[in-house]
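1. Structure, please.
(one chain, ligands or ions: 1)
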Amino acid sequence: MKENIVARFEEKFDQQPLVFAAPGRVNLIGEHTDYNEGFVLPGAVDKRIYVGIARNDSNLLNVWATQYQQKFSYQLDVIQPVKNWSTYLLGMAYHIKQMGHDLSGVNVVIDGDVPLGAGMSSSAAVCSAFGFALNDIFGLGLSRMELALLGQKTEHRFAGVKCGIMDQFASLHGKKGHVIKLDCRSLGYEYIPFDFPDYKIVLVNTMVSHTLASSEYNARRQQCEEGVRILKKYFPSAKSLRDIDEAQLEKHKNDMSDLVYRRCRFVVTENERLLRGCDLLKKGDLKSFGDMMFEAHEGLSKWYEVSCKESDFLVASAKQHEAVAGSRQMGGGFGGCTINIVKTDAVEDFSSYISERYIGQFKIVPEIYVTQIEDGAKRAE
Ligand code: GLA
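-> The predicted structure follows:
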């Protein structure tokens, strides 16, 4: 990939670039907990967004995106959100300038193999790769956490999605062979080895990405906030659903609408699942961990209502395959990928089994990615 970026850069800009890469992510468990100040358990994967970059003598951000075969040019002193992928670059530049850093013009080529709209955080990888690149070539001295927070702001203000911090964090802090237990309140984190040679993390892409995704995502966030407003009457120190346990929620469920109760119930139980899940992983008990993934999917589908018929079908099918320890829909929801923990020696069998069933049901060929957990953003080798 690096060679392609360099070749394209020479062709488009007649210059030699530096090349940086930032990965997409998986999340083992803990979905929709990040914006509720709970915990998540992501890892960076071996699919990345690559950014080739070199300064130019102007005040222009000139960018060529190979995946879209599109070129844009923007003045860096009048940055506004736009309605295409380049809004993520603009958002990063804007927020870096807002911090008081000087940026001058750059030429950029961007490409990658993180599947788009697949729940693997391609947009966070774009923000991380570009932010990391600017940080390097302008010597800004920003930490990885600062870059992650700028990526999150970009998603909020330049793409209108009120996401949590998980995706940007994982893309920047990933570590080969490890998942990361992140406390989304304190931003403290712990690397946990994901060291199960007998198992692989297999993603199955539904190839659907329902248009509801961003509006419903923002609606979930509001419903959770509504739950906290109600529960605060009884637990004044509660700042978010992170501070509520199941018993407290059950006691006051009649104070809230059934919808808000179901949203809160999912988040509270998902956070508890994550904490138990980390202990199971540390003990090497992947079997019980997998059972919790199925439970989590049930919650995503029935209580949080962010699944869809395609994801439900894939998870139900995976459950019937004897080599699968656990399976659930991953990421924001309404399509994208399911994450499956599959016995290494049965990955091929599982892949053809799940493809055949999915094609039979939906006439759609799913893409399947057998992932490796890798390092976060870095200079591309
Ligand atoms: C998307 C968001 C994340 C997180 C997940 C759900 O990926 O960007 O912040 O909320 O959905 O866990």
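2. Would you map the strands across this protein?
-> 18-27, 39-40, 42-55, 60-65, 70-75, 106-112, 178-183, 189-193, 199-209, 324-329, 335-343, 367-371, 373-374, 378-379 (DSSP state E).
3. can I get these in JSON lines with mean pLDDT and distance to the ligand?
-> (Each C-beta comes from the backbone N, C-alpha and C, glycine too.) Below are those laid out as JSON lines (pLDDT from 0 to 100; distance: least, CB to the nearest ligand atom, whole Å):
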{"stretch": "strand 18-27", "mean pLDDT": "98", "distance to the ligand": "6"}
{"stretch": "strand 39-40", "mean pLDDT": "98", "distance to the ligand": "7"}
{"stretch": "strand 42-55", "mean pLDDT": "98", "distance to the ligand": "9"}
{"stretch": "strand 60-65", "mean pLDDT": "97", "distance to the ligand": "21"}
{"stretch": "strand 70-75", "mean pLDDT": "97", "distance to the ligand": "24"}
{"stretch": "strand 106-112", "mean pLDDT": "97", "distance to the ligand": "17"}
{"stretch": "strand 178-183", "mean pLDDT": "98", "distance to the ligand": "11"}
{"stretch": "strand 189-193", "mean pLDDT": "97", "distance to the ligand": "15"}
{"stretch": "strand 199-209", "mean pLDDT": "95", "distance to the ligand": "12"}
{"stretch": "strand 324-329", "mean pLDDT": "98", "distance to the ligand": "10"}
{"stretch": "strand 335-343", "mean pLDDT": "97", "distance to the ligand": "9"}
{"stretch": "strand 367-371", "mean pLDDT": "97", "distance to the ligand": "16"}
{"stretch": "strand 373-374", "mean pLDDT": "97", "distance to the ligand": "17"}
{"stretch": "strand 378-379", "mean pLDDT": "98", "distance to the ligand": "22"}
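4. would you list those in a markdown table and tack on mean neighbour count and distance to Met256?
-> Putting the strands of the chain into a markdown table (neighbours: other CB atoms under 10 Å; distance: least, CB to CB, whole Å) gives the following:
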| stretch | mean neighbour count | distance to Met256 |
| --- | --- | --- |
| strand 18-27 | 27 | 27 |
| strand 39-40 | 28 | 24 |
| strand 42-55 | 24 | 30 |
| strand 60-65 | 20 | 45 |
| strand 70-75 | 14 | 45 |
| strand 106-112 | 24 | 42 |
| strand 178-183 | 22 | 26 |
| strand 189-193 | 15 | 32 |
| strand 199-209 | 22 | 31 |
| strand 324-329 | 26 | 25 |
| strand 335-343 | 26 | 29 |
| strand 367-371 | 18 | 38 |
| strand 373-374 | 22 | 39 |
| strand 378-379 | 14 | 45 |
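5. and those strands as TSV, adding distance to Val228?
-> Output for the strands of the chain, formatted as TSV (distance: least, CB to CB, whole Å):
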stretch	distance to Val228
strand 18-27	23
strand 39-40	17
strand 42-55	24
strand 60-65	39
strand 70-75	39
strand 106-112	37
strand 178-183	18
strand 189-193	24
strand 199-209	29
strand 324-329	25
strand 335-343	27
strand 367-371	34
strand 373-374	33
strand 378-379	38
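6. now stretch 197-206: how far from the chain's centre is it?
-> Between the centre of stretch 197-206 and the centre of its chain there are 16 Å (CA atoms, centre = their mean, to the nearest Å).
7. Run through who's touching it.
-> Applying CB atoms under 8 Å, 6 or more residues apart in numbering, the contact partners of stretch 197-206 are 26, 28, 115, 118, 120, 194, 286, 308, 310-311, 314, 318, 325, 330, 335-345, 347, 350-351, 354, 358, 364, 366-371, 373.
8. sorry, back to before: Leu281: which of the strands of the chain is closest?
-> With CB to CB as the criterion, Leu281 lies closest to strand 189-193 of those, at 5.8 Å.
9. Adjacent strands (with direction) for the closest one?
-> strand 178-183 (antiparallel) (DSSP bridges).
10. Contact residues of the stretch 51-200 of the chain facing the ligand?
-> Applying CB under 6 Å from any ligand atom, we find that the stretch 51-200 of the chain lies next to the ligand at 121, 163-164, 166-167.
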